[in-house]
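Visitor: sequence first, predicted coordinates after that:
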Amino acid sequence: MRKLKKIFTGLMLIIFAAALTSVNAQAQERSSPDIEAPGGANGISSIFVQKNTDGTDDGFEKLVALLAQHEMPFYQRAGSEDGLIGPSDVVLLEINCQWAERGGTNTDLLKSIVQSILKHPDGFTGEILIADNGQRLYGSGGTGGSLDWEHPNSKDQTQSTIDVVNDFASQGIQISGMLWDEFTGVQVAEFETGDDKNGFVMEPEEHSTGIRISYPKFTTEFGTKVSFKKGIWDDETKQYDSAALKIINVPVLKSHGIYQVTGAIKAYMGTVSLTLTGGATHRNVGRGAMGTQMALTRVPVLNVMDSIWVTPDGGPSAPYSRAVAANMILASTDPVAVDYWASKYILVEMAKDAGNKQYESMSPDGTTPGTFGYWLRLSMEELQKEGFQTTMDENQMAVYIAE
């Protein structure tokens, strides 16, 4: 096992510097000029790590710069196929909103992501939506999610998600927040059938992982008709523009009482309706169901792992008292790879230090049914079946770390 040198961030031991240095060195060795696109070419998944950020600073802007340095531009320029976000895209930030305090996506980070989108060099003329489905179940209030928790995850502990939305909206930005809890029990058909109601489309087939695909379909307050799976509907052409809808997945890294780890894959529970599926989706996470959901609806163009505050024990509820400052943001186009790296090199090490006796089951290298590694692998296989670049092999990961 590597010889590790401990460093401290905040009040508690959070990670080992020698491990980070070693991983970074290995990544640089693998990242040779013959890799055409580090996001997935030649079987390589790139992971970008920005350290020493609390969300209120320029940490995400630095992360965007780090992506660009390694041939994965955040901005898609006019006339170019490269880049993730185009100037006229509808950008949906899929967040965690079921839990208050440190259980929800950091709102300072959300603000930084929106600011970066608006800094598009070609000028951003599109629309931004921040959304999630708390299922009207559980959560800090026992009734599901909220975009307006009284005690949110922010540095000053007062700035809610809807506060971020309202701040930008007051500047004339086309941005809105939507809590899919409001129609999570409403079954609808797609726009092409003439059904304009907000709700969830539910497909008839039951997949081998035990779930039926369900996903949100709705109209934003600006009149944009969005199908999470098919894209943006145009009433005049009677067609969907799939490329115009971009998903940025922004989960919080934390422990989970049933499934050990909440990360990029588990966060897609916010894109299903547990009401319409009878809870089957959540029951089958351990069979790789979230991989099926992601692969057969819409894979994010980028997964941004909020590791500013991490809860190494007692999650998914994450009160201020149990959270530990890790002060990191991670990003990858590969949701499996970023889950693997973040859980192994951040969450598990923090869980050990916090005295969480279940830390071994949180390891992404686990192969026993019921462990995180077991169901992450099944989720990866579901994505791979549909042709998506995902990996749990560190030899197929290029990791770039910035201080």
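Guide: Perfect, I can see it now.
Visitor: who's in contact with the closest residue to residue 386 other than its chain neighbours?
Guide: Once flanking residues are discounted, residue 386 sits nearest to residue 295: 4.2 Å by C-beta to C-beta, 6 or more residues apart in numbering. Just so you know, the C-beta spots here come from the backbone N, C-alpha and C atoms, and that holds for glycine as well. If you count contacts by C-beta atoms under 8 Å, 6 or more residues apart in numbering, residue 295 has them with 382, 383, 385, 386, 388.
Visitor: do you know how far residue 295 is from residue 85?
Guide: 22 Å (C-beta to C-beta, to the nearest Å).
Visitor: same check on residue 219?
Guide: 22 Å.
Visitor: in the stretch 51-200 of the chain, which spans are strands?
Guide: Here the stretch 51-200 of the chain has its strands, by DSSP state E, counting those that start in this stretch, at 90-95, 127-132, 175-179, 199-206.
Visitor: quick check: which of the ones you listed is nearest to residue 62?
Guide: strand 90-95 (18.9 Å; C-beta to C-beta).
Visitor: and that closest one, which strands flank it?
Guide: strand 127-132 (parallel), strand 245-250 (parallel) (DSSP bridges).
Visitor: circling back to that earlier point, so of the contacts of residue 295, which ones are in helices?
Guide: Mapping the contacts of residue 295 onto helices (DSSP state H) picks out 382, 383, 385.
Visitor: just checking, the second one touches residue 297?
Guide: I take that to be residue 383. No: applying C-beta atoms under 8 Å as the test, residue 383 and residue 297 come out as separate, 11.6 Å apart.
Visitor: what is the burial count for residue 47?
Guide: By the criterion of other C-beta atoms under 10 Å, residue 47 has 25 neighbours.
Visitor: am I right that it is in a strand?
Guide: Yes: counting by DSSP: H, G, I helix; E, B strand; the rest coil, residue 47 is part of a strand.
Visitor: any idea what it is bridged to?
Guide: Here residue 47, judged by DSSP bridges, has bridge partners residue 399.
Visitor: can you pull the contacts of it?
Guide: By C-beta under 8 Å, 6+ apart, residue 47 lies in contact with 27, 330, 331, 332, 334, 337, 338, 341, 397, 398, 399, 400.
Visitor: same thing with residue 139?
Guide: For residue 139, counting by C-beta under 8 Å, 6+ apart, the contacting residues are 98, 99, 100, 145, 146.
Visitor: quick one: the nearest residue to it once chain neighbours are set aside and residue 216, what's the gap?
Guide: Distances taken as C-beta to C-beta, 6+ apart place residue 98 nearest to residue 139, at 4.3 Å, with adjacent residues excluded. Residue 98 sits 15 Å away from residue 216, going by C-beta to C-beta.
Visitor: what's the spacing between the residue nearest to residue 139 and residue 180?
Guide: Between residue 98 and residue 180 the distance is 11 Å, computed by C-beta to C-beta.
Visitor: can you check residue 124 too?
Guide: Applying C-beta to C-beta to residue 124 and residue 180 gives a distance of 24 Å.
Visitor: looking at these two, which is more packed in?
Guide: With neighbours defined as other C-beta under 10 Å, residue 124 and residue 180 compare such that residue 180 has more, 27 against 22.
Visitor: my read is that that one contacts residue 133, right?
Guide: Yes: the pair residue 180 and residue 133 passes the contact test of C-beta under 8 Å, sitting 3.7 Å apart.
Visitor: what residues do the two have in common as contacts?
Guide: Between them, residue 180 and residue 133 share the contacting residues 216, 270, judged by C-beta under 8 Å, 6+ apart.
Visitor: what count of nearby residues applies to the closest residue to residue 384 other than its chain neighbours?
Guide: Closest residue in space to residue 384, ignoring its immediate chain neighbours: residue 390 at 5.9 Å, by C-beta to C-beta, 6+ apart. Neighbour count of residue 390, defined by other C-beta under 10 Å: 28.
Visitor: same question, residue 94
Guide: 27.
Visitor: ok, now which ones touch the closest residue to it other than its chain neighbours?
Guide: Once flanking residues are discounted, residue 94 sits nearest to residue 249: 5.1 Å by C-beta to C-beta, 6+ apart. Residues in contact with residue 249 (C-beta under 8 Å, 6+ apart) are 94, 264, 267, 268, 300, 302, 303, 304, 335.
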